[in-house]
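Peer 1: take a look and give me a structure for this.
(chains A, B and C)
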Amino acid sequence: MATTLTLHPDRALPADPTVRALARTLYAQTASLPLVGMHGHVEAQALADDAPFGDPASLLVTPDHYVTRMLYSQGVAPHRLGVGEPAAGPRDIWRTFCEHWHLFRGTPSRYWLEHELVEVFGVTTVPSAQTADTLYDQIAAVLDDPAFRPRTLLDRFHIELIATTDAATSPLDHHAKLAADGFGERVVPTFRPDAVTHPARSSWAADVAELGRVAGVDTGDYAGYLEALRRRRAAFVEAGALATDHGHLSADTTPLNPDEAARIYRDARNGATAGADAFSGHMLHVMAGMSAQDGLVMQLHPGVLRDHHRAAAAAYGPDRGWDIPVGTEFTRSLRPLLDDFGMHPGFRLILFTVDETSYSRELAPLAGVYPSVRLGAPWWFLDSPHAMRRFREAATETAGFYNTSGFVDDTRAYASIPARHDLSRRIDAGYLATLVAEHRLSEEEAAQTAVDLAYHLPKLAYARRSA
Amino acid sequence: MATTLTLHPDRALPADPTVRALARTLYAQTASLPLVGMHGHVEAQALADDAPFGDPASLLVTPDHYVTRMLYSQGVAPHRLGVGEPAAGPRDIWRTFCEHWHLFRGTPSRYWLEHELVEVFGVTTVPSAQTADTLYDQIAAVLDDPAFRPRTLLDRFHIELIATTDAATSPLDHHAKLAADGFGERVVPTFRPDAVTHPARSSWAADVAELGRVAGVDTGDYAGYLEALRRRRAAFVEAGALATDHGHLSADTTPLNPDEAARIYRDARNGATAGADAFSGHMLHVMAGMSAQDGLVMQLHPGVLRDHHRAAAAAYGPDRGWDIPVGTEFTRSLRPLLDDFGMHPGFRLILFTVDETSYSRELAPLAGVYPSVRLGAPWWFLDSPHAMRRFREAATETAGFYNTSGFVDDTRAYASIPARHDLSRRIDAGYLATLVAEHRLSEEEAAQTAVDLAYHLPKLAYARRSA
Amino acid sequence: MATTLTLHPDRALPADPTVRALARTLYAQTASLPLVGMHGHVEAQALADDAPFGDPASLLVTPDHYVTRMLYSQGVAPHRLGVGEPAAGPRDIWRTFCEHWHLFRGTPSRYWLEHELVEVFGVTTVPSAQTADTLYDQIAAVLDDPAFRPRTLLDRFHIELIATTDAATSPLDHHAKLAADGFGERVVPTFRPDAVTHPARSSWAADVAELGRVAGVDTGDYAGYLEALRRRRAAFVEAGALATDHGHLSADTTPLNPDEAARIYRDARNGATAGADAFSGHMLHVMAGMSAQDGLVMQLHPGVLRDHHRAAAAAYGPDRGWDIPVGTEFTRSLRPLLDDFGMHPGFRLILFTVDETSYSRELAPLAGVYPSVRLGAPWWFLDSPHAMRRFREAATETAGFYNTSGFVDDTRAYASIPARHDLSRRIDAGYLATLVAEHRLSEEEAAQTAVDLAYHLPKLAYARRSA
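Peer 2: Got it, this is the predicted structure:
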C-alpha cells in the first residue's frame, strides 16, 4: 500500500474529462469564499475560552460519532476509543483508529480526515499501524502550537460567521464573553428548545423549571411556560441569534387548542406523559408562530430515532453513534404549520431530512411553492459525496437552486469544518458542470449559481426575517 | 451574462463523448416521429373553436402552475402573475416572469420554455428585465399571426393523436364539432369521472345529479348511478375515447359489497360522507370492471394531496401549484383490482406516480408480471431530465421497456407539447446509449427500442382493448 | 438485427474511458476468484444425485420466474411456458421464449442468459424465432454430455462453497450423501424454518407435527416446539450448516412473553390464528437468541408479499413470479432483536431488502454501528446492474465496504451462478473505479477492496460465530 498522503486537486470532481474541466473552473470560483456555518455544534465555550485543544485522540477520534460508530461496527469496543470505562489512553486510541483506517474507504469521514490531516496538521503519511505513533506526535505538536487556538482558527479557516447550538436554558454567558471580546457578530447562538418541548423526556420537568428560573418567569403553568420561551427567544435575539433549531422524531405540527395544551402541560409536570407526543408537535406550531413574530429562522430536523440500543445509550450517553433514521412524512405533517404561517412574510422554515425519499416527493414540492420554505443542505448521514449529488438531482428540478439554503455544516468537529465546506463546493461544482456539459445551463449562470450556493444563499436563508 | 438564446443540438444528451455520439444517433431516429399525446389537458374547446391564443402572459405564465409556483416560492405575490385580484396586466406579468428567469435554472420549465421561445416563437434573446418588453412584443406578434391557431399547430407540432381530459358529465359537444370538421380521429376525449366518484367533494351531489341529467338516467340510487356511468362511458367510446383517467389520493381499490356501496351512496346523497373514501376506492374497482367490458384503457394517477394551503386554494382555486405529493402504496392497494381484472384480456391499466420509491419496489414488479399493467411515463414533478433517467434506471431492470407506455405528456400548456416529447426522446436516447456503451444492448436494438418508446408503445398502450 | 451472439469483454463496465480502464484492471483481479454462494436455492438433491439436467426449456425457462414473469407480462399464457396445464412441450416452450427475446432488453435476465448461452453452452447466435430450433438442439446436445453434470459443474464454475436452502424438517439425507461422497465441506445446508414459524400458513400444523417427528420431540406444546427447533439447528450444524434464513413479510422482532407465546402456539395448533403475525415476529427474536448460542449466521429477507394474484397462486403454486415487494421498516422493527443480541459477540445478522429506500435511511446506519449486522447483497429484483450500483452509492458512505457481506447469489438457476457473480464483480469494479477516478481511493486500496467484496467478505460474513 502507498503510504504517502496527498490531496489531489481534482478530488471529488466528476471523472469525465469534459465535465471535470468545467467543474474545476466552477470550483475555483468558490474555493476561497468565506465559510458561513449556520448550523454548527461547536461549543461556544471553546471559542469563549480559546483554550488549547487536547490530544489527537480527544480532538479527532473520541468525540466524532461518525468515526467511533464505524469502529464499533467492526467489533472495536467503545472503551478502546475513550467511550466508557476503562477508557484507553489517547495514544492507544489513536493507534486503534489508525489500524482500522481501511474501514473508512468510500466514506465522507475518510474525505474529511484526509483533508484535516494534510491541510490542518501537515501530515504526509497514510494512517496505519506502522505510522500511528509518528502521526500522533506530529499532530500533538501542532496542537501545542499557540497558533492552533480556536479563535485563531476562525481566521485560518476563513469562517465569516458561525452559529453554536444552545439550550433554551443557556445563560448565554459564553456568547456574552465573545461579544465583549469583539466576536459577537461572528459567533452567534442558536435557540434549541428540544429539552423543554418534549414532555416525554425524563429531564423535562427539571428543564422546564430551569427555563423559568433563567427567564425569570414562573413556568408552573402553560401560560408561564410560553412567556418564558418568548423571553428566552428575545434574549437569544439580543445575543445575536438568527435561528432556532428543532429536533423531533416526527414532523407533526398539529396545534392543540390552548386548554388541551395547558392540560397536557399540567399533567406532564405531575409526571403523566399521556399526550406528550401531541404536545411536542403542537410546540412546533407554537414555535413557528413565535418565529413569525420575532423573525428567528426556524430549522427542523426530524426523523432520527435516538439511542437505538438502549444499553449503549445507558452506558455511553447520547450522541455516541447509536441514532438511526426512520421514514419521515412531511406533506401532511407540516400542513397545519404551513397553513398558518407558510405564507407569512416574517416566517422562514428550513427543512432537513435523513429520509431521501422525501426530496423529490415532498420537500422539493413544498419548497417550490411556499415562500417561507427552504431546503437545508443534505444532513448527517447524507452529508457525503453521492448523497449530496442525489440531493441536487432530486431537488433541483422541482425546487430549483434558489429554494435551497446553500451549504451548512452540522458538526461538532471544529477542525473538519473547512473540509466539509470544501467537499460541498466540489460536489455542487460537479453537478453544475454536468448541467453545463449537457447544455442545460450556461457557464456564466453556473458560476453565479456556484457562488450563490456556497456563500450568498446561506446568508440569505438565515437572515433574520421581519414581518 | 450571455444574452443570446439558442438551443444546442446536443442539449440533454449525456456528457460523455462516446455515449453522446451514440445518443445523438438514436435521438436522430426519433426526433421527427409524430407525437402521440394520450394524456393531455389541452381544452377541447380550444381546438373546436380554433380561436387565436391570447397574450404572452395568459398563454405562457398565468395558467402554467410549474411557472407560477416557482415564482410564489420566491415571494412573488400571485396577483402579480394574474392569479387572484388585483390581477396585474399581461405586460407586467411578463416582466415579472422575465426578471425571475434565473429561478428556473436546472428545472424542466427552463428547458420547455427555451424550446418554445426559440422553436415556436423565434426568440433569440435570453429573458431578463432588460429584454422583457422586446420579447413580449415579439411573441404577441406571433400570436396574432393566423398561422398560429390551435388546429394549424396540430400539423406544425406533428401531433398525430391528442387526447383531451373531459368530465364524465361533459356533453362532448366540442368533440362533436371536431368530428364534424374532420378531426374526430385526431382529437379524442378521455373519460374522467373523479367529480362523481369522490363523495367527499362538496360538489359531488350536484355533479351526480348532472351525470343523471346528461346520461338520461335517474341517479337517485346507486343502480341508476352505475347505469349512468355505463352510458356515459358508451358515449365517450362513441366519440372516439380510448381511455379513462382517475385521480385519487390513495390507490386503494377494495370493492365494497353492493349493498354497502348503495348505502354509502344513499347517505352521501343526503350529505353524510362517512365511508366516502372507501366508496372512492370501491369505484376504482367498479371502473376496472367496466373497462374490462368496454375496452377503455384505465389510467390511475394517485398520491397527490390537492390544495395543501387551504387559504390559497380558497383564494385562487384548484390547479394553481399548491398540490403536494404523498407517499403512495400500490402492492396491497391494487391487489383487489388486479386479483379480479389483472389477467383479463380486455383490461389495461396504466399506472402513474409522483412517489419514485415505488418504481423498483412496486410498480416495475407489478408491470413485470401482470399482462394488463403498463407503467406510465414519469409524471408531473417527475417529468424532468434527472427524474426520467431515474425512472428508466429503476423500472427497466424489472419491467423491461415493453411494459412501459412510452412517453405521454401531461400538460395544459399546448405550446410546450413538442418540447416535452423532445426532452423525453433525448433522455431515452441517452439511457439507451448508455446500455449500448456498456455493451448491454446492440445499437440496432437500441434504435428499435427508441422508436418504440417514442411512437409505437404509446399507440399500443392506449389501443382500446377487446375482451 | 445482428444475429451473432458474443460477450464483450468490457460489458457492464462504466462507459467513461478513464473509469473503464481502471474498472477493467480491478475486474481482472477478481474475475477468476472462486465463487462463494452462501444463499443459493439449488436443490441439494441435484448435487446428491448428480443426474443429468433435462431439456433446454426445463433448465432455462420453466423454473426461472424472472423469465416466465416477463413473458406473462406481455400476454404469454403460463401453460405455453410449461407452467400449468396443458403444458407445452419443451421445444415449443423454447420457441416461445426465443420469439420474445426483445422483452429482456435492459434486464439482468438478458445479461445472465447471454452469459450462460455463450460461456456454458457455446451458443454464438442471438435467440429469435428463426434461431430457436438450432439453439434448442445445440443446448440439448450439451446437456447430454456427461461432462455437464451438477458435480462436474461445481469445478467448471469454480464454486468453492455453495449453500442450499433446506426446510427445518429436512432429513438432510441429500447432504449426508454429499458428505459421504466427499462434498460435505463444499455443499452445505441452510436452516430455513419459515414453514414452522408462521402459524398463519395453512400447512403450519402439519409442518410443526413433522418438525416434532424429525426432531424426535413432542411439539404438542410450545416448550417442545422450541426444543425441536434447537435439535434441528444442532443437526444442521452437524451437517455443516453455517446459516439460517428467514423470509418474513415484516421485519418485526418484538418478543412475546413466554406465556403469551405458548398460548398463541396452543391456539394455532387448534386452528385459531389470532396473534399469528405477532408470533412470527417473536420467533425472529427467538431465532436470534438461538443463533447467539449455536453460532449460525442469521439471514433476514423481509418485505415480499407472496402470491399477489390469488388465482395464479392457486393454479400454478408458489415461486412462479407473482411475488411483489412492499415498503419495509427496519429501524423500529429490528430494535427489540438488536437491543438484546446486536452487541453479542456470538451473533451475526445479514439483512436483505427489496425496498431500496432503506439503504441510506436505515440499513447502512444500522450496519454502520452494530457489530453483529452486515448488509447482504442487493437481492432479487435488485440483483441487477443499476440497482447494484445504487446499493453501493447509497450504502457505502455510511456503512463502508466492510459492513457488507460481499456478493451472494440467490438463485435456483444453477447454470446462471457464474453469470451472477461475474456481473456483481463488474459492477463493484466500476464503482470502485469511479472512486479512484475521483481521487477518493487509491488504486491499490480499490484492488484490495474488490477482492474482499468478491471473495473474502462472503467467507467472513458467513463464518460461523462462537460466543
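Peer 1: how close does the residue of the stretch 201-350 of chain A found nearest chain B get to B:Y72?
Peer 2: When scored by CB to the nearest CB, the stretch 201-350 of chain A has A:T331 as its residue closest to chain B, at 4.7 Å. The way it works is simple: take the backbone N, C-alpha and C, and place the C-beta from them, glycine included. Taking CB to CB, to the nearest Å as the criterion, A:T331 is separated from B:Y72 by 17 Å.
Peer 1: and the two? Which one has more around it.
Peer 2: Legend: neighbour count by other CB atoms under 10 Å in any protein chain shown for A:T331 and B:Y72, higher for B:Y72 (26 against 23).
Peer 1: surely the more buried one is in contact with A:V369?
Peer 2: Yes: the pair formed by B:Y72 and A:V369 meets the contact definition of CB atoms under 8 Å, at 5.6 Å.
Peer 1: give me the common contacts of the two.
Peer 2: Shared contacts of B:Y72 and A:V369, defined by CB atoms under 8 Å, 6 or more residues apart in numbering or on different chains, comprise B:G321.
Peer 1: center of chain A - which residue?
Peer 2: Within chain A, one residue has its C-alpha closest to the average C-alpha position: by CA atoms, centre = their mean, that is A:D410, at 2.1 Å.
Peer 1: now for the residue of the stretch 251-400 of chain A found nearest chain C, how many residues are close by?
Peer 2: In the stretch 251-400 of chain A, no residue comes nearer to chain C than A:S384, which is 3.9 Å away by CB to the nearest CB. Other residues lying near A:S384 total 25 when counted by other CB under 10 Å.
Peer 1: give me the pLDDT for it.
Peer 2: We have a pLDDT of 97 for A:S384.
Peer 1: what does A:M1 give?
Peer 2: Per the predicted model, pLDDT is 69 at A:M1.
Peer 1: where does chain A have low pLDDT?
Peer 2: Filtered on pLDDT under 70, chain A yields the residue ranges A:1-2, A:466-467.
Peer 1: so A:A364 is in which element?
Peer 2: Applying DSSP states H and E as the criterion places A:A364 in helix A:364-367.
Peer 1: show me what that helix is packed against.
Peer 2: If you count contacts as 3 or more CB pairs under 8 Å, 6 or more residues apart in numbering or on different chains; DSSP states H and E, helix A:364-367 packs onto strand A:373-375, helix A:385-399, strand B:324-325.
Peer 1: return the most buried member of these.
Peer 2: Per-stretch averages of neighbours, counted by mean count of other CB atoms under 10 Å in any protein chain shown, single out strand B:324-325 among the helices and strands packed on helix A:364-367, with a mean of 27.
Peer 1: tell me what the longest helix along chain A is packed against?
Peer 2: For chain A, the helix with the greatest residue count under DSSP state H is helix A:417-437. If you count contacts as 3+ CB pairs under 8 Å, 6+ apart, helix A:417-437 packs onto helix A:17-30, strand A:35-37, helix A:108-115, helix A:385-399, helix A:443-451.
Peer 1: so what's the gap between it and the chain middle?
Peer 2: When C-alpha coordinates are averaged (CA atoms, centre = their mean, to the nearest Å), helix A:417-437 and its chain have centres 19 Å apart.
Peer 1: do stretch A:355-375 as well
Peer 2: 19 Å.
Peer 1: what is the end-to-end distance of it?
Peer 2: End-to-end distance of stretch A:355-375: 13 Å, with CA to CA, to the nearest Å as the criterion.
Peer 1: verify the contact between A:A364 and A:R392 for me.
Peer 2: No: contact criterion CB under 8 Å: A:A364 and A:R392 do not qualify, at 10.7 Å.
Peer 1: if we can go back for a sec, just send the helices and strands packed on helix A:364-367 back as TSV, with distance to C:V142 too.
Peer 2: Rendered in TSV, the data for those read as follows (distance: least, CB to CB, whole Å):
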stretch	distance to C:V142
strand A:373-375	57
helix A:385-399	43
strand B:324-325	52
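Peer 1: which of these sits closest to B:T131?
Peer 2: Taking CB to CB as the measure, the helices and strands packed on helix A:364-367 were each checked against B:T131, and helix A:385-399 came out nearest at 24.6 Å.
Peer 1: show me what the closest one is packed up against.
Peer 2: The criterion is 3+ CB pairs under 8 Å, 6+ apart, and the helices and strands that helix A:385-399 contacts are helix A:364-367, helix A:417-437, helix B:385-399, helix C:385-399.
Peer 1: pipe these into JSON lines and attach distance to A:W101 per row.
Peer 2: Listed next are the helices and strands packed on helix A:385-399 as JSON lines, based on distance: least, CB to CB, whole Å:
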{"stretch": "helix A:364-367", "distance to A:W101": "37"}
{"stretch": "helix A:417-437", "distance to A:W101": "16"}
{"stretch": "helix B:385-399", "distance to A:W101": "33"}
{"stretch": "helix C:385-399", "distance to A:W101": "16"}
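Peer 1: to B:I159, which of those lies closest?
Peer 2: Closest approach to B:I159 among those (CB to CB): helix B:385-399, 20.6 Å.
Peer 1: can you confirm A:H301 is in a strand?
Peer 2: Yes: A:H301: assigned to a strand according to DSSP: H, G, I helix; E, B strand; the rest coil.
Peer 1: quick one: neighbours of the residue nearest to A:Q45 when sequence neighbours are not counted, just the number.
Peer 2: With CB to CB, 6 or more residues apart in numbering or on different chains as the criterion, A:Q45 has its nearest non-adjacent residue at 5.0 Å, and that residue is A:H174. Using other CB under 10 Å, A:H174 has 21 neighbouring residues.
Peer 1: then the one 4 residues further on?
Peer 2: A:L178 is surrounded by 26 other residues when neighbours are defined as other CB under 10 Å.
Peer 1: could you identify the helix or strand that succeeds the helix or strand hosting it?
Peer 2: The secondary structure element spanning A:L178 is helix A:173-180 (assigned by DSSP H and E). Helices and strands here follow DSSP H and E; after helix A:173-180, the next one along the chain is strand A:187-188.
Peer 1: what lines up beside that following strand in the sheet?
Peer 2: According to DSSP bridges, strand A:187-188 forms sheet pairs with strand A:159-163 (parallel).
Peer 1: residues contacting the strand it pairs with, please?
Peer 2: Surrounding strand A:159-163, the residues in contact under the criterion CB under 8 Å, 6+ apart are A:34-40, A:42, A:47, A:153-154, A:185-190, A:241-243, A:417, A:459, A:462.
Peer 1: and the next helix or strand past that strand?
Peer 2: Next helix or strand after strand A:159-163 toward the C-terminus (DSSP H and E): strand A:166-167.
Peer 1: show me what that following strand is packed against.
Peer 2: By 3+ CB pairs under 8 Å, 6+ apart, strand A:166-167 packs against strand A:191-192.
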